[in-house]
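Asker: When you get a sec, could you give me coordinates for this:
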Amino acid sequence: MKQLPSEMVHLVAGILRDASDFPTLLECCLVCHTWNNICRPIVTHLLECPNLERLELAPTLAGPWDIPSWIPDGLQELVLRVEPGTWMPDLGTSIRPSRLTIDITNHGYPNATYLEVMAWVEISINCLPFPGALRHLTVRINTYLPAFEPLHFLELDDYMTMSAALLQIHEHLNLEGIVVNIIYTMAQGDARDLELPKLDVAFSQLLDTGLFHVTFEWSDGHEQSLMHHVFRSLDISMPLL
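Answerer: Modelled structure (predicted):
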């Protein structure tokens with residue numbers, strides 16, 4: 001089937017733009033790559049959402065996942081759903097969210113270390129136009145071990161690395177609260193007796209500040225929790241995962 005010349009697509013898109021026909025413009029984006037490349041910038045340019053308070057971003061195979069230009073400066077909460085090593089999005093120059101959630105899915109072989117995970121967390125914060133505006137940080141880490149990987153328990157140093165990085169972030173930004181939610185999935189293993197002593201040692205300094213809420217869940221990969229431990233609840237009002 002022959003395609004319309006790009007000049008004709010531009011003409012059609014211009015007519016729809018002048019008529020503010022958003023539904024048809026969106027449908028045009030689905031025709032093919034050529035139509036999408038021409039129509040999508042028009043849709044993005046015309047969008048307005050001045051009262052938007054929360055935005056969730058996740059990478060796709062479609063291309064860059066930069067923050068859209070129509071996101072208002074008054075955005076209060078930003079959620080990034082990523083994997084370690086994901087190309088960092090362009091977060092613009094004007095947003096100043098007070099709440100940031102970084103939801104990291106850590107899977108594959110080998111898994112990223114907590115040092116690599118926390119490095120991505122710090123990069124995410126530093127890419128914000130106004131990181132000093134942050135008051136609440138949530139870090140959610142979902143680690144899935146492949147079935148063929150030998151039984152493995154995290155070492156104390158793994159948790160200490162995360163704890164030290166979080167404490168540094170807190171001291172640098174003077175945050176009002178940090179929520180840490182760790183979900184560790186593997187096919188077998190009794191985690192309670194092995195993991196709790198490490199977690200208590202690693203996160204004790206954080207919890208002493210009274211600003212941290214740390215939960216740890218060990219799952220069998222079939223929606224069954226082998227262990228769920230809450231170290232301390234915050235004395236301040238924060239939305240928990």
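
Asker: residue boundaries of the strands in the protein?
Answerer: With DSSP state E as the criterion, the chain has strands at 54-57, 77-82, 99-106, 136-144, 177-185, 212-219, 225-230.

Asker: CSV please, covering the ones you listed and showing mean neighbour count, mean pLDDT and distance to Ile15.
Answerer: Bear in mind the C-beta positions are built from the backbone N, C-alpha and C, glycine included. Compiled in CSV, those are given as follows (neighbours: other Cβ atoms under 10 Å; pLDDT from 0 to 100; distance: least, Cβ to Cβ, whole Å):
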stretch, mean neighbour count, mean pLDDT, distance to Ile15
strand 54-57, 14, 90, 31
strand 77-82, 20, 91, 36
strand 99-106, 20, 90, 41
strand 136-144, 20, 86, 45
strand 177-185, 20, 81, 49
strand 212-219, 20, 75, 53
strand 225-230, 14, 52, 56
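
Asker: Redo those as a markdown table? Include distance to Leu25.
Answerer: As requested, the strands of the chain are exported to a markdown table (distance: least, Cβ to Cβ, whole Å):
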| stretch | distance to Leu25 |
| --- | --- |
| strand 54-57 | 22 |
| strand 77-82 | 27 |
| strand 99-106 | 31 |
| strand 136-144 | 35 |
| strand 177-185 | 39 |
| strand 212-219 | 43 |
| strand 225-230 | 46 |
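
Asker: Out of those, which gets nearest to Pro23?
Answerer: Closest approach to Pro23 among the strands of the chain (Cβ to Cβ): strand 54-57, 22.7 Å.

Asker: by contact count, what packs against the closest one?
Answerer: strand 77-82 (3 or more Cβ pairs under 8 Å, 6 or more residues apart in numbering; DSSP states H and E).

Asker: Correct me if wrong: Ala13 contacts Pro41.
Answerer: No. Using Cβ atoms under 8 Å as the test, Ala13 is too far from Pro41 to be in contact (9.2 Å).

Asker: Can you pick out the residue with more neighbours from those two?
Answerer: Ala13 (21 against 13; other Cβ atoms under 10 Å).

Asker: shaky segments in the protein?
Answerer: 1-2, 44-47, 60-64, 108-111, 144-153, 186-193, 218-241 (pLDDT under 70).

Asker: tell me the domain boundaries of it?
Answerer: The chain breaks down by automatic domain parsing into domains covering 1-47, 51-230.

Asker: Could you point out which of the strands of the chain sits nearest Ile67?
Answerer: Closest to Ile67 of those is strand 54-57 (Cβ to Cβ; 6.7 Å).

Asker: Name the strands paired with the closest one and say parallel or antiparallel.
Answerer: Here strand 54-57 is paired, per DSSP bridges, with strand 77-82 (parallel).

Asker: for Val117, what are its contacts?
Answerer: Taking Cβ atoms under 8 Å, 6 or more residues apart in numbering, we find Val117 in contact with 84, 104, 106, 141, 162.
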